[in-house]
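Q: sharing a model prediction with you, sequence too.
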Amino acid sequence: MSRVRTQSLLGALLVVIYTGLIASADGITKVLAGGYGPVQIYALSGAVVVLLCRLADRLPGQRRGFTTSCPRATALRSLATVIAAICFFQAFRLLPFAEVFVFIGLMPLLAGAMSGALLNEPVRPAAWLALLAGFAGMLFLFPRGLATVSAGHLLALMAAVAGTFSMTMARYIGRYEAKPLVQVFYPNLCLCLLMLLLVPFAWQPMSAGDVGWVLAYALLLFAARWLLVVALRLLASYAVTPLMNLQFIWMAAIGALGFGEYPPLTTYVGGLVVVGSGLYLVWDQFAPRGPQTAAQPTRPARLRTDP
């Protein structure tokens, strides 16, 4: 098995593990969103993730330190992460779990466009059909037309755009940055510091049980984001995001068992269309290629944001 294929399989395995971790973290987000705003949740969880990054930096085999060769691109990724986190938090408050997933399923389409423009990783022509099919699957959310679009749907869409940009930046930075923890550390530091500025205006007393939920959320988020950054170094971003559609299975199960949410059949049909298009994109990543397509994509030039 070639080195490239081995790396792709490892990247795919890491993303599968990521989906279980992040769906569990999203479940905790929905639990906490019923009683608290995003400010104190992200201030506390961001601080815990930053602390975990500092501790993990001391593990054997790690390249220590948090300096980065792409400071401005890292800043863009951090800002996008903050926007995505806040928008997803509010979307989970307003929409059923499975409906939010369908917007997460839009991310492969967005990743295809962004990776082509920013990473010089154009999606193969046949894969665009699968991406468009995934977009069509989202329309099943609105069987009565776009007039039923709500604020929650718009927030979920904003979160999907910002989250895809953050992941695209993660893959870009990974071409030059050898320390994966850097990409976990700075977005969460940015999120924590921004929320701390607002905490005096939004703090609500928390029970010990809810503090425990926040700690569990932070642990899951730290592990998930670390795995995702590593996976994005091994696998093209437009192939990573379809694999993330496995979250649909987790989110539908958590929504039903944990929150008693049973969306209409159209939601599940749309989710299955999105998952099917994602599976095709994963197959496309491993499909045999001709001599011209077998080569690795050229190393992208640095964005103008970094020297």
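A: Received, thanks.

Q: next, count neighbours for the nearest residue to A25 once chain neighbours are set aside.
A: Counting by C-beta to C-beta, 6 or more residues apart in numbering, L220 is the residue found nearest to A25 once chain neighbours are left out, at 4.0 Å. Glycine gets a C-beta too; all of them are placed from N, C-alpha and C. Residues lying near L220 (other C-beta atoms under 10 Å) number 20.

Q: for S45, see how far away L220 is.
A: 10 Å (C-beta to C-beta, to the nearest Å).

Q: for F222, same thing?
A: Counting by C-beta to C-beta, the gap from F222 to S45 is 9 Å.

Q: these two: which has the busier surroundings?
A: Using other C-beta under 10 Å, the more surrounded residue of F222 and S45 is S45, with 30 against 24.

Q: give me the nearest residue to the more buried one, chain neighbours excluded.
A: Nearest one to S45, counting by C-beta to C-beta, 6+ apart, is A218 at 4.1 Å.

Q: the one you found sits in which helix or strand?
A: helix 208-234 (DSSP states H and E).

Q: pLDDT weak spots in the stretch 151-300 of the chain?
A: Across the stretch 151-300 of the chain, the ranges flagged by pLDDT under 70 are 236-239, 241-242, 245, 248, 261, 263, 278-279, 281-282, 284-300.

Q: that one: strands as residue ranges?
A: In the stretch 151-300 of the chain, no strands are defined using DSSP state E, counting those that start in this stretch.

Q: please enumerate the helices of it.
A: According to DSSP state H, counting those that start in this stretch, the stretch 151-300 of the chain carries its helices in the segments 151-174, 180-202, 208-234, 237-243, 247-259, 265-286, 291-294.

Q: list the helices and strands the host helix or strand of A85 packs on?
A: If you go by DSSP H and E, A85 is part of helix 71-94. On a contact count with 3 or more C-beta pairs under 8 Å, 6 or more residues apart in numbering; DSSP states H and E, helix 71-94 meets helix 3-33, helix 38-56, helix 97-104, helix 151-174, helix 180-202.

Q: just want the angle from the last one to helix 151-174.
A: Comparing the axes of helix 180-202 and helix 151-174 via axes from the mean of the first three to the mean of the last three C-alpha atoms, to 10 degrees yields an angle of 150 degrees.

Q: buried set for helix 180-202?
A: Using 16 or more other C-beta atoms under 10 Å as the burial criterion, the residues of helix 180-202 that qualify are 180-192, 194-196.

Q: ditto for the second one
A: Across helix 38-56, burial judged by 16+ other C-beta under 10 Å covers 38-50, 52-53, 56.

Q: for the first one, same thing?
A: Under the neighbour-count criterion of 16+ other C-beta under 10 Å, helix 3-33 has 8, 11-12, 14-15, 18-19, 21-33 buried.

Q: please render the helices and strands packed on helix 71-94 as TSV that adds distance to L110 to the earlier fields.
A: Formatted as TSV, those follow (distance: least, C-beta to C-beta, whole Å):
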stretch	distance to L110
helix 3-33	17
helix 38-56	23
helix 97-104	10
helix 151-174	4
helix 180-202	18
